[in-house]
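Engineer: coordinates for the following, if possible.
(one chain, ligands or ions: 1)
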Amino acid sequence: MKTCLVVDDSKVIRKVARHILETLDFEVREACDGREALDSCLAAAPDVILLDWNMPVMSGMDFLLALKESEVASKPKVVFCTTESGMAYIRAAIEAGADEYVMKPFDRDTLESKLQIVGMA
Ligand SMILES: [Mg+2]
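Structural biologist: Okay, the predicted model is just below:
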């Protein structure tokens, strides 16, 4: 079973993402900011990370940069989540190491196709 770490400061988004990912047979872990996500990755690297951009404590971008510098053994695939108004961030996120992006709000089919693109579904 593949593991997905859902990183978002919104409890509602985490819940929706968890539900979709569980129907896609993922084992799901959650983190509410980049700092918690980094700790989680250092404890055990997930196969893929669904990453929000705007979060308190440590943003999605800061997390990406910290992950790159970290001792996390196997580099997880990263699918970056953004809203339409955050389109400008996509290029920066890809440059910082994200593998793919998904627009919020996403549904099961959209998320599944993005996970397929990164070889995870
Ligand atoms: Mg957020």
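Engineer: least confident secondary structure element in this protein?
Structural biologist: In the chain, the helix or strand scored least confidently by mean pLDDT, DSSP states H and E is helix 88-95, which has a mean of 86.
Engineer: quick check, central residue of the protein?
Structural biologist: The structure's the chain has its C-alpha centroid closest to Leu50; by CA atoms, centre = their mean the separation is 1.7 Å.
Engineer: you'd agree it is in a strand?
Structural biologist: Yes: under DSSP: H, G, I helix; E, B strand; the rest coil, Leu50 falls within a strand.
Engineer: which residues in the chain form helices?
Structural biologist: 11-23, 34-43, 60-69, 88-95, 108-117 (DSSP state H).
Engineer: circling back: for the residue nearest to the centre of the chain, name its beta-bridge partners.
Structural biologist: Residues in a beta bridge with Leu50, per DSSP bridges, are Val6, Val79.
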